[in-house]
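A.B. asks: Quick one: sequence and predicted model below, then my questions.
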Amino acid sequence: MLPILPKIDTRQQGAKQNSQQSAVVKRTKKKTTSYSLFPRLLLIGGLVLILSQIIPLGWSMLAGLPLSSTSAMFMPVTQEFIERLGTTKYIDPGSDWFEAVVAQNHSLVIDTGYKKSMKLSIPRANIMRINLAANIPGSNPEIYDEALKYGVAHLKGTAVPGDNGLTVIYGHSGVTGFFAGRSSPQIVFSRLDAVSIGDTMTIERDGKELRYVVSSKKIIEAQDLGFMTDSTEKERAILLTCWPLGIGTKRLIVIADRI
C-alpha cells in the first residue's frame, strides 16, 4: 500500500514566488531609476553653471554698447598727445600696457615710496571702504594679483591720491556666479558699470577724506590710452577695469576730478 503524502498547496508556492519576483523587479527598477537620475542631475547642474556665467556676461556687453558707440561722454585730448601716442606700440594684455600708461603720465609729484593702505568708497556702486593698496606696479603680475585679492590698487608711477596730478586706480572685474559674488574684493570693479557722471566717490588717506566727482565714463579699446591727458592742473583719479566683465578685450574707464 502506497504512503499517503501531504497535499502541497501550489497556489501558496506560486504566490510566494511571484512576491519574490516582484520584490526583485522593484529593487532593480529602483537602482535603474537612481542611476538614470544621476546624469540628468549632472546635466542640469552644468546648464545652470554655464547660464550663470553667460547671462551676466551678455548683459554687460549689451549695457556697454551705448558707452562704446558714442564719444559724447568722454573728454577730448590734445592733438600733441594723439601724435605722441601714435609713435608708441602697446601690447595687451600684459605689463607693457601698464608701463605705457605710466609713460604717458605727467604728474608733478610721484611718491613711489608711499606704502600706507587707503580706502576707496563709491556709494552709487555700493563700494564702501574697499582696500586701496598704494604703489602697486602693473609690470609684475605676482605683486598686483596678490594686492587685488583684497581690493584695488593704485598704479605705481602715477600720483598718489591727494598729491597733485593724475592717479590711476585699477582692479579686477569678473562674472559673478557660484564662486565669487559681487561682494568679492577680487572683482569689486565689476560694479563700476553702475557709476554715472555726477556721482561722488571718496578716498581715505592718512586720516583725511578726499572727495571726487565723476566727470567722464567710457568703454575704450584695450590699446587706447586716450584717457591719459597732459593736464596736471587738477587732481584727477582714473578708475579702470577689464570689459566685458573679466575678459579684457576692452577697458571700462571712469574719470573723477577732486572737489
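C.D. replies: Alright, I've got the coordinates.
A.B. asks: Report the residue spans of the stretch 151-259 of the chain with pLDDT below the cut-off.
C.D. replies: 175-183, 229-233 (pLDDT under 70).
A.B. asks: Partner strands of the helix or strand hosting residue 132, with direction?
C.D. replies: Per DSSP states H and E: residue 132 is located in strand 127-136. Using DSSP bridges, strand 127-136 pairs in its sheet with strand 118-122 (antiparallel), strand 151-155 (parallel).
A.B. asks: buried residues in the first one?
C.D. replies: Neighbour-count burial for strand 118-122, counted by 16 or more other C-beta atoms under 10 Å, picks out 118, 120, 121, 122. Glycine gets a C-beta too; all of them are placed from N, C-alpha and C.
A.B. asks: Is the third one bridged to anything, and to what?
C.D. replies: Counting by DSSP bridges, residue 121 forms beta bridges with residue 202.
A.B. asks: so what's it scoring on pLDDT?
C.D. replies: With respect to pLDDT, residue 121 scores 97.
A.B. asks: isn't it right next to residue 128, touching?
C.D. replies: Yes - with contact defined as C-beta atoms under 8 Å, residue 121 reaches residue 128; the gap is 5.2 Å.
A.B. asks: hmm, who's touching stretch 195-212?
C.D. replies: The contact list for stretch 195-212, computed with C-beta atoms under 8 Å, 6 or more residues apart in numbering, reads 73, 116, 118-125, 129, 132, 160-162, 213-217, 235, 237, 254, 256-259.
A.B. asks: right, and residue 155 touches residue 171 too?
C.D. replies: No - taking C-beta under 8 Å as the definition, residue 155 is not a contact partner of residue 171, at 10.7 Å.
A.B. asks: Tell me which of these two has more neighbours.
C.D. replies: residue 171 (26 against 23; other C-beta atoms under 10 Å).
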